[in-house]
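Colleague: show me how the following folds:
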Amino acid sequence: MTESTPTTPNPSEEINLAEERTAKTRQLLGMKGATTGDTSIWKIRLQLMKPITWIPLIWGVVCGAASSGEYIWTWENFLKSAACMLLSGPLLTGYTQTINEFYDRDIDAINEPYRPIPSGAISLPQVITQAWVLMLSGVALAYGLDVWSGHEFPTITVMAIFGVFIAYIYSAPPLKLKQNGWLGTYALGSSYIALPWCTGHALFGELDWKVVVMTVVYSFAGLGIAIVNDFKSIEGDRKLGLKSLPVMFGVKTAAWICVTMIDVFQIAIAGYLIFIHQQLYAAILLLMVIPQMVFQDMYFLRDPLTNDVKYQASAQPFLVLGMLIVGLAIGHANL
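Modeller: Predicted coordinates for the structure are as follows:
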């Protein structure tokens, strides 16, 4: 008998398999640098919804619940929070991304041809149906949360409908806010911070004008975050006449605008915390800004086109932690 010789794994094949798995994961999450090839309609529908973009909205709900000062750890409140996260993330952010994919299909054919619509993986009627299902489900869940919370005025439903309206005019003609670098980017930034934050706050506490104003101001930091996403689309935006900030001002200037907005408005919010006598939280927030500045210099300002994803992965955790610090500070001030 001859003894079989075990085969030695080919290192290049292992690397290729790892790269393929990474590309498929990035595609499923809606990240840059994916590949084509998925045939499962449910995976394709998930790609349209870009799950990676749900995270800031879900986190915004957590910050809003913290800022209410009235969140208590019970099973009912946990389920309310989970439902609100479902509303802000998969349903309404999923709706936003789906209609954005629909109206940006010509741009994606240039910048990201592997996306579901330009690659031909899903038909336009299927995309439209998905957008309607997500939108109606989101508004219905928002109304259910208002009833569950005993609201006399349907605050969460109104904010959901407003968010749907902003999402539509952001992507769809004739307004198509994203054609205007400042308006479109701020609309996106406020959707990341103000809307989910106010929704989470209203779910557990009384939403007042001070919280609304604070989150609207904080959204200018979100404007900086939104600019980061424009660098991957410069070629298509320029060809189709979309005035994103990198197209309007050039790569270097837009990168400086981006980091300045993020840092300055976080520092401004720290000043507000000092004003309401939450000095410890203000100090912690300012400490969160320091590593952001380091990563901005290391990665983003040196080469925003190459390092945008690396910068987001390294710096944004400090931004989102800072948001929670602010939420806890406001909740503490309301006690």
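Colleague: quick check: buried residues in stretch 137-153?
Modeller: Neighbour counts over stretch 137-153 (16 or more other Cβ atoms under 10 Å) mark 137-139, 141-143, 145-146, 148-149, 151 as buried. No exception for glycine: its C-beta is placed from N, CA and C like everyone else's.
Colleague: and the helices in the stretch 101-250 of the chain, which stretches?
Modeller: 105-111, 124-149, 155-171, 181-192, 194-204, 209-230, 234-240, 245-249 (DSSP state H, counting those that start in this stretch).
Colleague: closest to P51 out of the ones you listed?
Modeller: helix 124-149 (13.0 Å; Cβ to Cβ).
Colleague: what average pLDDT does that closest one get?
Modeller: Helix 124-149 carries an average pLDDT of 98.
Colleague: check contacts around the closest residue in space to Q296 that isn't next to it in sequence.
Modeller: If the residues on either side of it in the chain are set aside, Q296 comes closest to V259, at 4.5 Å by Cβ to Cβ, 6 or more residues apart in numbering. Applying Cβ atoms under 8 Å, 6 or more residues apart in numbering to V259 gives the contacts 224, 293, 296, 300-301.
Colleague: can I get the helices of the stretch 101-250 of the chain in a markdown table with distance to Y281?
Modeller: Below are these laid out as a markdown table (distance: least, Cβ to Cβ, whole Å):
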| stretch | distance to Y281 |
| --- | --- |
| helix 105-111 | 40 |
| helix 124-149 | 27 |
| helix 155-171 | 26 |
| helix 181-192 | 21 |
| helix 194-204 | 16 |
| helix 209-230 | 13 |
| helix 234-240 | 38 |
| helix 245-249 | 31 |
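Colleague: how many residues are close by the nearest residue in space to G163 that is not next to it in sequence?
Modeller: Distances taken as Cβ to Cβ, 6+ apart put L195 closest to G163, at 5.1 Å, once the chain neighbours are dropped. Using other Cβ atoms under 10 Å, L195 has 25 other residues around it.
Colleague: what's the answer for K43, then?
Modeller: Using other Cβ under 10 Å, the number of residues around K43 comes to 14.
Colleague: repeat that for Y114.
Modeller: Y114 has 19 neighbours, counted by other Cβ under 10 Å.
Colleague: ramachandran angles for it?
Modeller: Main-chain dihedrals, Y114, degrees, to the nearest 10: phi -80, psi -10.
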